[in-house]
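Enquirer: okay, here's the prediction I keep looking at, along with the sequence it came from:
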Amino acid sequence: FLLPLRNKWPYLAFILLLVFCLLPIMRVSPVSLSIFCIGTIIILLLQMRTEKRDDIHAILIFIVAACFVLLCSELFIVLDRMNTVFKLRTWTFLLSGISMMCLGKWWSSVSPSPWRRVLFLSLIGFFSVLSIPNSIALLSYKVGDRPTLNGMSFLKQHSPFIKSAVDWTEDNIEGTPILVEAPGQSFRVSDNLISLYSGLPTYLGWQYHALVRGLSERELADRKADLHFIYDTTDALKVYEFLGQKKLGLVVVGPAEKAQYSSAGLAKFKQFSTLFTPLMETREISIFGVNGVYKPKGNI
């Protein structure tokens with residue numbers, strides 16, 4: 001709408017396309033975004049055939065590229081849906097931003113009619129103001145049925161006891177001792193929460209991501225076996241010696257560990273306080289310090 005195109009039909013075609021995609025029956029359909037992208041690309045490509053100005057061509061090319069990348073994020077899955085969406089759509093925002101910068105430069109080099117200049121500034125101001133409430137709302141737990149971008153707000157709602165444990169680690173853990181916790185699956189909301197939110201290093205985190213970051217299949221299997229030994233074995237002394245050998249300073253016993261490992265094996269951490277110092281305990285989660293590897297701060 002900000003481009004002074006020679007033909008007027010693209011404006012009408014785009015309005016009809018937008019109205020169609022925003023119909024209630026289409027807004028709940030997964031194909032709505034795909035239809036919008038395909039329609040926009042067709043409209044812009046047809047316009048490029050009749051538009052003779054190179055500067056306008058460049059702007060249209062960036063807009064087409066942004067719509068194409070957005071369309072690919074809907075039609076194809078690379079690795080998994082999560083990676084596809086947030087990595088491809090980052091390029092959508094980048095290309096859209098470049099097109100707006102090109103448009104701004106073009107507007108500064110020409111002398112458009114007063115009503116077009118007013119329209120240009122009004123639209124930019126309108127959408128800028130419109131984005132402010134949405135940005136503020138994203139700091140809360142949810143915007144409608146959509147999750148927030150504020151990780152700690154989400155954690156407070158999803159797992160308040162984990163939030164308390166994370167707050168405790170920030171206040172009481174010095175340095176970066178290596179954490180022992182149950183390994184998790186990528187993007188699973190309940191896995192590796194202590195290391196994820198506290199920033200402490202963990203012996204084995206999201207398994208797929210560990211492989212992507214360079215851990216071999218053999219190393220992954222060995223570390224999983226180590227964790228089974230640490231949590232399932234009832235011989236506290238052997239586990240203590242192993243933790244000392246590996247320089248693993250903290251052990252987490254929470255919902256994920258209780259779901260994956262035997263209660264008999266987990267009980268040793270609380271039974272042998274001379275080997276494992278209970279640093280933080282609640283009904284849902286406990287954190288133990290490995291004596292000789294981790295030195296507690298003050299009077300914990």
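Expert: Structure's in. What do you need? All of these numbers come straight from a predicted model, not from anything done at the bench.
Enquirer: so which bits of the helix or strand containing residue 153 are buried?
Expert: Here residue 153, judged by DSSP states H and E, is contained in helix 151-158. The neighbour-count check on helix 151-158 (16 or more other C-beta atoms under 10 Å) flags 153-156 as buried. Placement of C-beta: from N, CA and C, glycine included.
Enquirer: and those, which is closest to residue 178?
Expert: Residue 178 has its nearest neighbour among those in residue 155, at 21.9 Å by C-beta to C-beta.
Enquirer: could you give the number of residues near the closest residue to the closest one other than its chain neighbours?
Expert: What sits nearest to residue 155 in space, not counting adjacent residues and going by C-beta to C-beta, 6 or more residues apart in numbering, is residue 163, at 4.7 Å. As a burial measure, residue 163 scores 18 neighbours (other C-beta atoms under 10 Å).
Enquirer: same check on residue 89?
Expert: Applying other C-beta under 10 Å, we find 16 residues neighbouring residue 89.
Enquirer: one step back: need the buried residues of helix 151-158 in JSON lines with distance to residue 211 and pLDDT, can you?
Expert: As requested, the buried residues of helix 151-158 are arranged in JSON lines below (distance: C-beta to C-beta, whole Å; pLDDT from 0 to 100):
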{"residue": "153", "distance to residue 211": "31", "pLDDT": "77"}
{"residue": "154", "distance to residue 211": "26", "pLDDT": "77"}
{"residue": "155", "distance to residue 211": "26", "pLDDT": "82"}
{"residue": "156", "distance to residue 211": "31", "pLDDT": "82"}
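Enquirer: hmm, back to that, the helix holding residue 153: what's the following helix or strand?
Expert: helix 160-172.
Enquirer: next helix or strand past that next one?
Expert: The helix or strand immediately downstream of helix 160-172 is strand 178-180, counting by DSSP H and E.
Enquirer: for the nearest residue to residue 161 once chain neighbours are set aside, give its distance to residue 210.
Expert: Among residues not flanking residue 161 along the chain, residue 284 sits closest, at 4.2 Å (C-beta to C-beta, 6+ apart). Separation of residue 284 from residue 210 (C-beta to C-beta, to the nearest Å) stands at 26 Å.
Enquirer: same question, residue 17
Expert: Distance, residue 17 to residue 210, using C-beta to C-beta: 44 Å.
Enquirer: what does residue 114 give?
Expert: With C-beta to C-beta as the criterion, residue 114 and residue 210 are 60 Å apart.
Enquirer: returning to what we had before: what packs against the helix holding residue 153?
Expert: Helix 151-158 sits against helix 160-172, helix 193-198, with contacts defined as 3 or more C-beta pairs under 8 Å, 6 or more residues apart in numbering; DSSP states H and E.
Enquirer: just the ones you listed: most buried one?
Expert: Compared across the helices and strands packed on helix 151-158, helix 193-198 shows the largest average neighbour count, a mean of 22 (mean count of other C-beta atoms under 10 Å).
Enquirer: what comes into contact with that helix?
Expert: 151-152, 155, 159, 162-163, 165-166, 169-170, 173, 179, 181, 200-202, 205, 252, 254, 256, 287 (C-beta atoms under 8 Å, 6 or more residues apart in numbering).
Enquirer: ranges for the strands of the stretch 101-250 of the chain?
Expert: All strands of the stretch 101-250 of the chain, identified by DSSP state E, counting those that start in this stretch, fall at 142-143, 146-147, 178-180, 248-253.
Enquirer: name the helices or strands packed onto the last one?
Expert: Judged by 3+ C-beta pairs under 8 Å, 6+ apart, the packing partners of strand 248-253 are strand 178-180, helix 263-271, strand 286-290.
Enquirer: pLDDT-wise, which helix or strand of the protein ranks last?
Expert: strand 142-143 (a mean of 50; mean pLDDT, DSSP states H and E).
Enquirer: any idea how far residue 275 is from residue 86?
Expert: Remark: distance between residue 275 and residue 86 (C-beta to C-beta) = 43 Å.
Enquirer: ok so, going back, right, and the helices and strands packed on strand 248-253 - which one's nearest residue 236?
Expert: Checked against C-beta to C-beta, the stretch from the helices and strands packed on strand 248-253 lying closest is helix 263-271, at 4.2 Å.
Enquirer: name the next helix or strand downstream of the closest one, please.
Expert: Using DSSP H and E, the helix or strand that follows helix 263-271 in sequence is strand 276-281.
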